[in-house]
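>>> Next one to model:
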Amino acid sequence: MNKDKIIAGKIYHILNRGTDKRKIFLDEKDYLRFIHDLFEFNDENQAFNIGHFFNKEYIDVRRQYIENRKKRKLLVEILAFCLMPNHYHLLLKPKKDSGVSEFIKKINGGYAKYFNNRYQRTGTLFQGKYKSILIKQDAHLIHLPYYIHLNPLDLKFPEWRNRELKNYKAAMKFLENYRWSSFPDYIGKKNFPSITQREFLKDFFEGTKNYKKEMEKFLKELDIDEIKDLTLE
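You can find the predicted model right below:
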């Protein structure tokens, strides 16, 4: 599925899931840890021992680090993301040719170490190499962020994939309140704004209000076959 050599400045849909499709996020703490990793590891500089950030005894260490840390030198621009119980989706624009591979190696390795330590397990957490595909057309770029942000509907409205969703308002409300996605930030609801670099897509979709409006329209008219080669499922 990794069809294209990754090139700086291009846009890629990235997916990775738990080995044997196992859950990789078991509770809120796991999701928050991965969210933090998305920020902390998106940096060419070496990461601080981020275990301190999840231990209440190290409040002073956190404060000192935040005050003295170097400005991040991004490996990738994270245009959009969505975390699901057993996988994650990322829409990335690498700052250098090796940006995606370096970034994914850091977040997968760091998160797997945390997860195995927390749950007293050993072995591989993720199912092989991440999947990636190059977004080559504007028409695909229009649809893919919507698709990524719609994934949480699988948890409560799985019929959306068969175009059988009836309560669009309830579905949209669910997405607006799903914390583990960049969708809230894209519609102007502050969630994890420091994780994503949103200006490119906000300009592309003509602002937060229009993005929400077009998202609902896309959901009503969705034909997944139009982007099936980009979904990586």
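
>>> Other residues contacting stretch 199-208?
77, 79-80, 93, 141-142, 145, 186-188, 211, 214 (CB atoms under 8 Å, 6 or more residues apart in numbering). Just so you know, the C-beta spots here come from the backbone N, C-alpha and C atoms, and that holds for glycine as well.

>>> Can you redo those as JSON lines, where the extra columns are neighbour count and distance to residue 11?
Below are the contacts of stretch 199-208 laid out as JSON lines (neighbours: other CB atoms under 10 Å; distance: CB to CB, whole Å):
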{"residue": "77", "neighbour count": "20", "distance to residue 11": "9"}
{"residue": "79", "neighbour count": "26", "distance to residue 11": "7"}
{"residue": "80", "neighbour count": "25", "distance to residue 11": "10"}
{"residue": "93", "neighbour count": "20", "distance to residue 11": "5"}
{"residue": "141", "neighbour count": "19", "distance to residue 11": "7"}
{"residue": "142", "neighbour count": "15", "distance to residue 11": "12"}
{"residue": "145", "neighbour count": "26", "distance to residue 11": "10"}
{"residue": "186", "neighbour count": "23", "distance to residue 11": "16"}
{"residue": "187", "neighbour count": "20", "distance to residue 11": "21"}
{"residue": "188", "neighbour count": "12", "distance to residue 11": "23"}
{"residue": "211", "neighbour count": "21", "distance to residue 11": "17"}
{"residue": "214", "neighbour count": "15", "distance to residue 11": "18"}
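
>>> Return the subset of those residues lying in strands.
Using DSSP state E, the members of these that fall within strands are 77, 79-80, 93.

>>> What ranges does the chain have for its helices?
28-40, 59-68, 99-119, 138-150, 168-176, 183-186, 199-204, 208-221 (DSSP state H).

>>> Which one of those lies nearest to residue 7?
helix 99-119 (9.8 Å; CB to CB).

>>> Now do the closest one: which elements does it pack against?
strand 12-17, helix 28-40, strand 76-84, strand 87-94 (3 or more CB pairs under 8 Å, 6 or more residues apart in numbering; DSSP states H and E).

>>> So in that sheet, which strands flank the first one, and in what orientation?
Sheet partners assigned to strand 12-17 using DSSP bridges are listed as strand 87-94 (antiparallel), strand 131-134 (antiparallel).

>>> Out of the ones you listed, which is the most enclosed?
Of all those, strand 87-94 carries the top mean neighbour count, a mean of 24, counting by mean count of other CB atoms under 10 Å.

>>> just to revisit the earlier point, just tell me which of the helices and strands packed on helix 99-119 ends up closest to residue 113.
helix 28-40 (10.4 Å).

>>> Specify the angle between that closest one and strand 76-84 in degrees.
170 degrees (axes from the mean of the first three to the mean of the last three CA atoms, to 10 degrees).

>>> Show the average pLDDT along helix 28-40.
For helix 28-40, mean pLDDT rounds to 94.

>>> same check, this time on stretch 80-95
97.

>>> ends of it, how far apart?
15 Å (CA to CA, to the nearest Å).

>>> Does the residue nearest the centre of the chain have any beta-bridge partners, and if so which?
In the chain, the residue lying closest to the centroid (CA atoms, centre = their mean) is residue 81, at 2.2 Å. Beta bridges link residue 81 to residue 90 when assigned by DSSP bridges.

>>> List the residues that contact it.
38, 88-91, 148, 181-182, 195-196.
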